[in-house]
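# Coordinates only, no sequence provided:
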């Protein structure tokens, strides 16, 4: 019934791919005139985001937080991408490197008008409507 339809839509939009599931924002989300902060995986409730990311996305992907800052004063918008530490439970999957504790800035981009998030890329639109396709530096993709 309804669940099959929803899963079908998600499948067609590539929502069930690992890149889509490990993204900080739901694929198809557009940020333009509001401030927003969203964290991977976008579909998991906040208390379990970190542990679910570890299970679903594995250690080779980086868990990220995306912040979109809208400045109506000067029209300068900014998209910031942070790596977010994943919590590892004691005694499970011992890793040689200690888990990182502080979010680390990965990159920052000025946005002219808006940005739309997709599983494998971002589309940034400037004030004149010209688009830029950003595919590199997205640590949730493999």
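That came in fine, so what should we check first? Just so you know, these numbers come straight off a predicted model, no measurement behind them.
# What separation is there between the residue nearest the centre of the chain and residue 130?
Nearest to the mean C-alpha position of the chain, counting by Cα atoms, centre = their mean, stands residue 24 at 2.1 Å. Distance of residue 24 to residue 130, given as Cβ to Cβ, to the nearest Å: 25 Å. C-beta: built from backbone N, CA, C; applies to glycine.
# As a check, name the ranges of all strands in this protein.
Under the criterion DSSP state E, the chain contains strands at 30-31, 36-39, 64-69, 77-83, 104-111, 114-117, 122-125, 131-134.
# name the helices or strands packed onto the fourth one?
The helices and strands touching strand 77-83, judged by 3 or more Cβ pairs under 8 Å, 6 or more residues apart in numbering; DSSP states H and E, are strand 64-69, strand 104-111, strand 114-117.
# and those as CSV, adding distance to residue 52, mean neighbour count and mean pLDDT?
Below are these laid out as CSV (distance: least, Cβ to Cβ, whole Å; neighbours: other Cβ atoms under 10 Å; pLDDT from 0 to 100):
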stretch, distance to residue 52, mean neighbour count, mean pLDDT
strand 64-69, 14, 20, 95
strand 104-111, 21, 13, 91
strand 114-117, 19, 21, 94
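# Rebuild the ones you listed as CSV, extending it with distance to residue 137.
Shown next, in CSV, are the helices and strands packed on strand 77-83 (distance: least, Cβ to Cβ, whole Å):
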stretch, distance to residue 137
strand 64-69, 10
strand 104-111, 5
strand 114-117, 13
